[in-house]
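Student: structure of the sequence below:
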Amino acid sequence: MSLRDRDLISIQEARHSVERAHEAQKKFAAFSQQQVDAVVEACANAATEAGESLARLAVEETGYGNVPDKITKNRLASVEVPRAIRGMRTVGVIGEDREKGIIEIAAPVGVVAAVIPSTNPTSTAIYKTLISLKAQNAIVLSPHPTAMRCICESASVLRQAAIKMGAPEGLITCLEHPTMQGTQELMKNRLTGVILATGGTGLVRAAYSSGRPAYGVGPGNVPALIERTANVKKAVADIFAGKTFDYGTICSSEQAIVTEEAVREQVLEECRKQGAYFLSAGEIDRLGSLVFLGGAHVPNTQVVGRPATTIAEMAGIKVPPATRVLIAQLDGIGRDVPLSAEKLSPILAFYSAPNLAAALDICVRLLEHGGAGHTASIHSQSEAAVKQYGLAVPAFRIAVNTSSVHGSIGYSTNLFPAMTLGCGSPGGNITSDNIGPQHLMNVKRVAWESRPIEHRTIPADQRLAAMSVPEQKSAAAGAGFSGAPSFAPSAKAGDFAGAPSSAPSAKRGDFDSDVRQGTASAVPKTSTSPGASAPEAMALKSTLSSVVAAAAALAPVPDRQTIARIVEQVFTARGIPRRGSPTVASPEVRQGTAFYPEARKLALSPEGAAVPKSDGGTSGGRSFSSDIQAEKREGASAPEVRPPNSAPAPSVPISAASIHPLPPPIEVAEFLSENDVRMALTRNRKLYIGPKTILTPSARDLGGEHDIFILTDIIPAPKKRRSES
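Tutor: Next up, the predicted model:
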């Protein structure tokens, strides 16, 4: 059976396109970050080369706007967007928080259904394709029927460039038989991952009601406030530049000038000088009837994107040939004042107010009438007035001392360059952001345990308290332990301290279980001879439990400083030097002998004989708790430090293979410059920084870009000069 009805052909094409895109995206998901970036760059370069021809085709097909401005919009999409997303990580691991023990992994949404408008057809097609590919997605473009040729040509340019870089067929597709039915099928298809809907209110509502995730936009009715301290000449020039840019086809273009009475006459005179024509009362009525035919909510498509002289001629109004903008001085706002709404053409409303508060009220009413959540602009030299304006108006992009169009899309500001501008909940949208690749991917989060779970053996009133245990008194209360080990960054770059150890004999649960049980019992001191048996190891564990329980009773919920202090105490007990927190090491450490428990036992045993483990003879190293307690017993039974006049202990040869090398200490920098960061990059090293490390702005930006910093809680000690002897 052959399909002859246009709507059925469109539906079938939409289904087939989504299926092909789904298969292509599964292949594209195997690409590395470098491969994805190469595809994006190739597409961007191809779009830049074709920017002028695509702009001419768009104007010829739709009749909206002008070629020079459409070239500028195409370049925004093909040059500024890639520049903004260059270096953004969107494949695999995209973030690591070592302090919290969380890894973030990107996951593409799959197939992006992109609805493209006729007002900004080629630039929107380029922009949506690039951000979709950057997030490792496939894209199916659904063009507006009146701009189908130029949008499909844009998709063809991008598709050919992607295939040359090895991208799979079907990754970029454009519907060649667009209908409303086909677009709805595309949006509702179960293989569609997310919808990017740019168009009228009805289309956006259809996207949100499709049952698939969607990013939509809302209408704009942008007020441009000229406050009394503004540079009036520049303010009018900026407003006219935005209003005439592509003849007002962008929703964030200015729709009304609002000024204070103090500068009203100066603003009016400047408008006349820069090519404005002020309409009479009768002309305002005629123009309003033309722009909104029959009291419609949306502007007449024959008026949208046309120059001011053409619109005036259509309304039977004679204006000078150099007229750039038509201005209607209005008193009211609402449905009974048509020109107070969004006009998508070089037509401006004009309002004046006695003071700033009254001007703010007008701006708020204009936005609520038809542009809530979108964009507003202000021209002022008063920071206080700008802040007051920002707090008052219900808009999520506020351009200051610039054209609202160029400011909102990130051309003249540092906002993310975008052709899809969310309006948040006031505009009926899910986000108020300028949409980018970060909105087109899911994020997995891998999280390590940072606090022991509380089992039902813990009383109900003590659950959710990290170190809460029954209060018990013990003779060991002054031993110096006041909590559990901290989940701190590992000294080895890239490791998570909270991750399970790879050593087969490590018993990480011993210490934690003692903390949770909170038992305390007095145990006599035991011998530290090499022949310690399993019962003695159990006694050591019980002794440690009493220490922890007593300390926990004193500080049930330790703060960060307490935890950091405990970590330092443990490192001190084991002889591991820490920059910024120097420890007094035992004689073995000062003389170069490793202070690991195994090496120390070998040093004390005759002829370097191996020492049985205190954990019952398990293979590998001892448990964390056994090591700590062994150090306490040895210190109590046999003092290590000899008087200065006593004879030194005979040295015992120790096998180098039996001693674990001391890990390199953490070097926490006091000050880092850009040169320090570049040196670390050339040597493929990480840099450790603490809460008091001083970073120059250039060092911070460069290090953050290359993920070279490792955050610690260590405060670097000031370096002292060695005294010359």
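Student: how far does stretch 184-202 sit from the chain's center?
Tutor: When C-alpha coordinates are averaged (C-alpha atoms, centre = their mean, to the nearest Å), stretch 184-202 and its chain have centres 25 Å apart.
Student: so for the nearest residue to residue 20 once chain neighbours are set aside, what's the pLDDT?
Tutor: Residue nearest to residue 20 in three dimensions, not counting chain neighbours: residue 170, with 3.5 Å by C-beta to C-beta, 6 or more residues apart in numbering. For every residue, glycine as well, the C-beta is placed using N, CA and C. pLDDT, residue 170: 96.
Student: please report how far residue 170 lies from residue 38.
Tutor: 19 Å (C-beta to C-beta, to the nearest Å).
Student: what's the answer for residue 573, then?
Tutor: Per C-beta to C-beta, residue 573 is found 52 Å from residue 38.
Student: same check on residue 107?
Tutor: Residue 107 sits 21 Å away from residue 38, going by C-beta to C-beta.
Student: can you check residue 27 too?
Tutor: From residue 27 to residue 38 the distance is 15 Å (C-beta to C-beta).
Student: what of residue 244?
Tutor: For residue 244, the distance to residue 38 - C-beta to C-beta - is 38 Å.
Student: who's more crowded, these two?
Tutor: residue 244 (22 against 16; other C-beta atoms under 10 Å).
Student: contact partners for that one?
Tutor: For residue 244, the contact set (C-beta atoms under 8 Å, 6 or more residues apart in numbering) comprises 308, 324, 325, 346.
Student: just confirm residue 300 is within a helix.
Tutor: No - using DSSP: H, G, I helix; E, B strand; the rest coil, the assignment for residue 300 is coil, not a helix.
Student: the residue lying closest to it once chain neighbours are set aside: neighbouring residues, count only.
Tutor: Of all residues not flanking residue 300 in the chain, residue 293 sits nearest, at 5.2 Å (C-beta to C-beta, 6+ apart). By the criterion of other C-beta under 10 Å, residue 293 has 13 neighbours.
Student: for residue 293, give me the pLDDT.
Tutor: Looking at residue 293, its pLDDT reads 93.
Student: do residue 129 as well
Tutor: Reported pLDDT for residue 129: 98.
Student: and residue 579, by the same measure?
Tutor: Note on residue 579: pLDDT of 53.
Student: how about residue 306, what does it touch?
Tutor: Neighbouring residues of residue 306 by C-beta under 8 Å, 6+ apart: 63, 64, 247, 314, 345.
Student: revised request: answer the last question for residue 693.
Tutor: Residues in contact with residue 693 (C-beta under 8 Å, 6+ apart) are 668, 669, 670, 671, 672, 716.
Student: what comes up buried for the longest strand along the chain?
Tutor: The residue-count maximum for a strand in the chain (DSSP state E) belongs to strand 687-695. By 16 or more other C-beta atoms under 10 Å, the buried positions in strand 687-695 come out as 687, 688, 689, 690, 693, 695.
Student: just confirm residue 210 contacts residue 185, I think it does.
Tutor: No - Residue 210 lies out of contact with residue 185 (C-beta atoms under 8 Å); the separation is 9.8 Å.
Student: who has more neighbours out of the two?
Tutor: Remark: of residue 210 and residue 185, residue 185 carries more neighbours, 24 against 20, as counted by other C-beta under 10 Å.
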